[in-house]
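Peer 1: got a structure for you, letters missing:
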């Protein structure tokens, strides 16, 4: 099965396209708090595997319930997040100035009294997993927690499975 066939099947089942990226599309799963990410072979699975194995999934990285690879694409079932940081509106309906987020990501003071989230960003940088950090790849969970959805850009990933939130 090709990626477009899989995505058309999702649409026929009532799944709505929520977002598009360079390598992937995200669809709603009706009447649930989950989404389906359908992606071409990029580095996102590498990030999710690392985040899951190191206890970051469900906190600073998205919680992935399942991940399956096909010949030329992968499919992940994951938590549904509220919006990207760039889409947050203030009480008057204006989009927030994302300059603060950009400054936050460029901070390099490793010995400052940083939050857990800042420590996570610094760990991503240390592991060279921060080349695609921008406001479109930072989302907000229902409880207000910032979640880095996809800090890496590029092709290729090792194949593995996630089932019930556990890497196999």
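Peer 2: In hand now; what should we look at? It should be emphasised that the depicted structure is a prediction, and the values quoted were computed from it without experimental measurement.

Peer 1: where along this protein do the helices fall?
Peer 2: Applying DSSP state H to the chain gives helices spanning 3-12, 44-53, 99-106, 116-126.

Peer 1: quick check: which of those helices is buried the most?
Peer 2: Among the helices of the chain, the stretch with the highest mean neighbour count (mean count of other Cβ atoms under 10 Å) is helix 44-53, at a mean of 21. C-betas here are computed from N, CA, C, even on glycine.

Peer 1: turn the helices of the chain into CSV, columns for mean pLDDT.
Peer 2: As requested, the helices of the chain are exported to CSV (pLDDT from 0 to 100):
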stretch, mean pLDDT
helix 3-12, 96
helix 44-53, 91
helix 99-106, 51
helix 116-126, 83
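
Peer 1: right, and these - which one's nearest residue 31?
Peer 2: helix 3-12 (14.6 Å; Cβ to Cβ).

Peer 1: ok, residues contacting the closest one?
Peer 2: The contact list for helix 3-12, computed with Cβ atoms under 8 Å, 6 or more residues apart in numbering, reads 17, 25, 27, 36, 38, 40, 70, 72-73, 75.

Peer 1: again, only this time at 6 Å
Peer 2: Outside helix 3-12, the residues that touch it by Cβ atoms under 6 Å, 6 or more residues apart in numbering are 27, 38, 73.

Peer 1: ok, the spatially most central residue of the chain - contacts?
Peer 2: Among the residues of the chain, the one closest to the centroid is residue 149, at 2.0 Å (Cα atoms, centre = their mean). Applying Cβ under 6 Å, 6+ apart to residue 149 gives the contacts 62, 137, 139.

Peer 1: now render those residues as TSV, adding pLDDT and neighbour count.
Peer 2: Listed next are the contacts of residue 149 as TSV, based on pLDDT from 0 to 100; neighbours: other Cβ atoms under 10 Å:
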residue	pLDDT	neighbour count
62	96	27
137	82	19
139	87	24
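
Peer 1: on that earlier part again, what about the residue nearest to the centre of the chain, distance to residue 55?
Peer 2: Distance from residue 149 to residue 55, counting by Cβ to Cβ, to the nearest Å: 17 Å.

Peer 1: cheers, nothing more for now.
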